[in-house]
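Peer 1: dropping a prediction and its sequence here:
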Amino acid sequence: MTQIFGNLLSNYEDVVAVLLFSIGFCVLLFSRNLIKKVVGLDIMDTGVFLLLASRGYIAGRHVPIIVDGITTAEYYINPIPAGLVLTGIVVSVSVSALMLSLTVRIYRTYHTLDVDALYMMMAVNKGGKP
Amino acid sequence: MSFVQNFPFFSIILSLLCTVVSFILNGKWARRLTLFLLCAGTALQTCTLLFCCRGNIRYTYMMGHFAAPWGNELSIGILEASLALLFGVVMLLSVLGGSEHVATDVALPKQHLYWLMVDLTYVSLLLLCYTNDIFTGYVFIEISTIAACSLLAAKEVGRALIASVRYMIFALIGSGLFLIGVILTYSITGELLFPQLRTAVTALWEAGTYRFSMTVAIGLMTVGLSIKSGLFPFHFWLPDAHGQATAATSGILSGVIIKGYIVLLIKIIYQVVGIDIFRASGIQNILLIFGVGGMVVCSISAIGAPRLKTMVAFSSAAQVGYIFMGLGLGTHSALLAVLFQIFAHALTKPMLFLSSSSLMDASGGRQDFRSLWGAGHRYPMAGFTFTVGALSMVGIPLLAGFIPKLYFALAAFGMGWRTWVVLLALTVSTILNVMYFLYTTILIWLPGEERTHVHERVRPRMGTVCPAMLLAGLNLLVGIHSAALAALFTQGIDLFCQ
């Protein structure tokens, strides 16, 4: 038990990442409001990016920018996860923008953001014209 | 290095260029540019395929100036080139056939953006076929999701908007899980390129360390891609998304986009993890069970579907089940059947969606089964292509849909309990397919016009009919010349799995 607690404490970034992911996942799945779903999506992505960024960090090492002429790899942290996180953030921003634009159009058409109400409207109009 | 070896790279750059240029064009010219891109892409993939076949080679192509393990790579072989060629041809025919519906369904000032998204879809599919880097795979599954969702929402009808939001939510959960899988794999192995990953994963598995973490990582990547490709029980988004879109989008979504994710999954299973480790991890059996479940449950849902296009979309979910069943068997002969299934479904489903849209046009724009009564008489050519598609999906010999069923049955023999599960699932699924596809086919050819609101015959739109006829011809070609295709795939699989 003490060992598990110790492991969790030493990997606190991962614990926070899992918590953020779970919160975002629950909001995305269970919230009825479309805007809250987008917020949940962003929280979920933040959790994933924290997990990814923490993979590259090595305690006691430095930012991977050569200023003192030191070229040994052991002096620096791993820069690849940071590059991946940047790409991931760009993807996440585009996805959020698309979701928000869809939300705006849905609100203009149906005057509601409640997902249950929207699905009800879809279910009522079975058959016939789309 | 031969000049032809650059062609996949050229097609990717050309697609990106067309995507950017489309932004400043009007709808008419953007459409022409998309058609040019798809034709050029098809020609380039054909040359690549011929080159790989003649030399019996598979090569890696360095993107940029950094060699492995730092740089980005493409891996090009018979399998990748033939899938990229298939995707290009199917997209070209779907776009040609659906152009007239796009003109009516998408607002005029936004049409160039629709074609831009088609170009973007093509780039992402090419990259999913050719990439040799797992993070590039992640980026392009996201790009293809964004493009697919925009294509779906382009039809400015409320239902399509709601369907696209639902699609987006499921797709994003899928890509989130996939990304976590990638991160876990990276943190255990420290690699991103497929060959290096394969070496590291094999070494770790043999040493017996990190087995649980590796299983979780493989599981997350598999589940993520399964959600995105609409495998049962994650298929709830699929019928609305594929059923509500305009005809070209439905064809592209159903015919190629879900296959793009499956191609990436195949590459991960065979080139990153290795089929032996995948089998040992136990995930293979889960895929088999979900695949079989999808074949049966989605077919039952298709029987109860209230609208024609929803029924065809549920059938897509059932056909995805076949593919995952093949991946769950995990032998080379099952992979051959999976490739045939990808080909047969990609050639059949856009044809069914195009003819469904034409039959709807002949029924006053309605798609409930009562209105479709006798629609084949009002639009005989659409009725004919729908019938060919339905027969192919049911698995009538001489058509493409029969071949994968045969190969799945052959692949299942000698595999213990799996043999019975697969044979039973094939039988039940075929019976269910017959129930809903033949019911619809008979319905559209029934006499008795007094039962519907629309009586007059429709003037055939050649723009829609000709591509559907071409797809029917290709279907027949695959069905008749399956032996040649099987030889090509076997050669490809041998190179792919080395």
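Peer 2: Good, I have the coordinates. Bear in mind the structure is a predicted one, so any value in this text is a computation, not a measurement.

Peer 1: what kind of secondary structure is B:H242 in?
Peer 2: B:H242 carries the three-state label helix when classified by DSSP: H, G, I helix; E, B strand; the rest coil.

Peer 1: okay, now the unreliable bits of chain A?
Peer 2: For chain A, the stretches flagged by pLDDT under 70 are A:123-130.

Peer 1: what does it put close to chain B?
Peer 2: With Cβ under 8 Å from any Cβ of the partner chain as the criterion, chain A meets chain B at residues A:21, A:25, A:28-29, A:34, A:37, A:41, A:44-45, A:48, A:51-52, A:55, A:80-81, A:84, A:87-88, A:91, A:94-95, A:98-99, A:102-103, A:105-106, A:109-110, A:115, A:118-119, A:121-122, A:125-130. All C-beta spots, glycine's among them, are computed from the backbone N, C-alpha and C.

Peer 1: which among those count as buried?
Peer 2: Among the residues of chain A next to chain B, those scoring as buried are A:21, A:25, A:28, A:34, A:37, A:41, A:44-45, A:48, A:51-52, A:55, A:80-81, A:84, A:88, A:91, A:95, A:98-99, A:102-103, A:105-106, A:109, A:115, A:118, A:130 (criterion: 16 or more other Cβ atoms under 10 Å in any protein chain shown).

Peer 1: for the closest residue to B:M311 other than its chain neighbours, the count of nearby residues, please.
Peer 2: Nearest residue to B:M311, sequence neighbours excluded (Cβ to Cβ, 6 or more residues apart in numbering or on different chains): B:A305, at 3.9 Å. Using other Cβ atoms under 10 Å in any protein chain shown, B:A305 has 19 neighbouring residues.

Peer 1: please name every helix or strand in contact with the helix ranked longest in chain A.
Peer 2: When chain A is scanned for its longest helix (criterion: DSSP state H), the result is helix A:80-110. Packing contacts for helix A:80-110, counted by 3 or more Cβ pairs under 8 Å, 6 or more residues apart in numbering or on different chains; DSSP states H and E, involve helix A:34-56, helix A:115-124, helix B:134-153, helix B:158-189.

Peer 1: my guess is B:R159 contacts A:Y119. True?
Peer 2: No - judged on Cβ atoms under 8 Å, B:R159 makes no contact with A:Y119 at a distance of 10.6 Å.

Peer 1: tell me, what's touching these two both at once?
Peer 2: Both B:R159 and A:Y119 lack any common contact, where contact means Cβ atoms under 8 Å, 6 or more residues apart in numbering or on different chains.

Peer 1: which single residue of chain B ends up nearest chain A?
Peer 2: B:D368 (3.5 Å; Cβ to the nearest Cβ).

Peer 1: spell out which residues of chain B are next to chain A.
Peer 2: B:135, B:139, B:142-143, B:145-146, B:149-150, B:153, B:156-162, B:164-165, B:168-169, B:172-173, B:176, B:179-180, B:183, B:186-187, B:192, B:240, B:244, B:306-307, B:365-368, B:370-371.

Peer 1: if any of the residues you listed are buried, put those into a PyMOL selection.
Peer 2: The buried subset of those, as determined by 16+ other Cβ under 10 Å, is captured in PyMOL by this line:
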select buried, chain B and resi 135+139+142+143+145+146+149+150+153+157+158+159+160+161+162+164+165+168+169+172+173+176+179+180+183+186+187+192+240+244+307+366+367+368+371
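
Peer 1: where in the stretch 351-498 of chain B is pLDDT low?
Peer 2: Using pLDDT under 70, the stretch 351-498 of chain B drops low at B:448-455.

Peer 1: so where do the helices sit in it?
Peer 2: B:375-378, B:380-394, B:402-412, B:417-433, B:439-445, B:462-480, B:482-496 (DSSP state H, counting those that start in this stretch).

Peer 1: quick one: closest of the helices and strands packed on helix A:80-110 to B:K259.
Peer 2: helix B:134-153 (10.8 Å; Cβ to Cβ).

Peer 1: just the mean pLDDT for that closest one, thanks.
Peer 2: Helix B:134-153 shows a mean pLDDT of 91.

Peer 1: tell me what that helix is packed against?
Peer 2: Contacts defined by 3+ Cβ pairs under 8 Å, 6+ apart place helix B:134-153 against helix A:80-110, helix B:111-130, helix B:158-189, helix B:211-228, helix B:247-252, helix B:258-267.

Peer 1: ranking these by burial, who's on top?
Peer 2: A comparison of those by mean neighbour count, using mean count of other Cβ atoms under 10 Å in any protein chain shown, puts helix B:247-252 on top with a mean of 30.

Peer 1: show me what that one is packed up against.
Peer 2: If contacts are counted by 3+ Cβ pairs under 8 Å, 6+ apart, helix B:247-252 sits against helix B:78-105, helix B:111-130, helix B:134-153, helix B:308-329, helix B:332-361.

Peer 1: can I get these in JSON lines with distance to B:S213?
Peer 2: Shown next, in JSON lines, are the helices and strands packed on helix B:247-252 (distance: least, Cβ to Cβ, whole Å):
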{"stretch": "helix B:78-105", "distance to B:S213": "29"}
{"stretch": "helix B:111-130", "distance to B:S213": "26"}
{"stretch": "helix B:134-153", "distance to B:S213": "16"}
{"stretch": "helix B:308-329", "distance to B:S213": "22"}
{"stretch": "helix B:332-361", "distance to B:S213": "27"}
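
Peer 1: give me the element the spatially closest residue to B:L85 that is not a sequence neighbour is part of.
Peer 2: Counting by Cβ to Cβ, 6+ apart, B:Q45 is the residue found nearest to B:L85 once chain neighbours are left out, at 3.9 Å. Per DSSP states H and E, B:Q45 falls inside helix B:27-55.

Peer 1: angle of that helix against helix B:482-496?
Peer 2: Here helix B:27-55 runs at an angle of 80 degrees relative to helix B:482-496 (axes from the mean of the first three to the mean of the last three Cα atoms, to 10 degrees).

Peer 1: okay, buried residues for helix B:27-55 please.
Peer 2: Using 16+ other Cβ under 10 Å as the test for burial, helix B:27-55 gives B:27, B:30-31, B:33-35, B:37-38, B:40-42, B:44-49, B:51-53.

Peer 1: show me what that helix is packed against.
Peer 2: The contact analysis (3+ Cβ pairs under 8 Å, 6+ apart) places helix B:27-55 against helix B:7-22, helix B:78-105, helix B:111-130.

Peer 1: in a markdown table: those, plus mean pLDDT.
Peer 2: Converted to a markdown table, the helices and strands packed on helix B:27-55 look like this (pLDDT from 0 to 100):
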| stretch | mean pLDDT |
| --- | --- |
| helix B:7-22 | 93 |
| helix B:78-105 | 91 |
| helix B:111-130 | 93 |
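
Peer 1: need the residues that contact stretch B:62-81.
Peer 2: The contact list for stretch B:62-81 (Cβ under 8 Å, 6+ apart) reads B:5, B:8-9, B:45, B:48-49, B:52-53, B:57-61, B:129-133, B:136, B:191-196, B:271, B:339, B:488-489, B:491-493, B:495-496.

Peer 1: show me how far that stretch is from its chain's centre.
Peer 2: How far stretch B:62-81 lies from its chain's middle: 23 Å, per Cα atoms, centre = their mean, to the nearest Å.

Peer 1: so how far is A:V15 from the spatially closest residue to B:E142 that is not a sequence neighbour?
Peer 2: Closest residue to B:E142 apart from its sequence neighbours, by Cβ to Cβ, 6+ apart: A:V91 at 4.5 Å. Distance from A:V91 to A:V15, counting by Cβ to Cβ, to the nearest Å: 25 Å.
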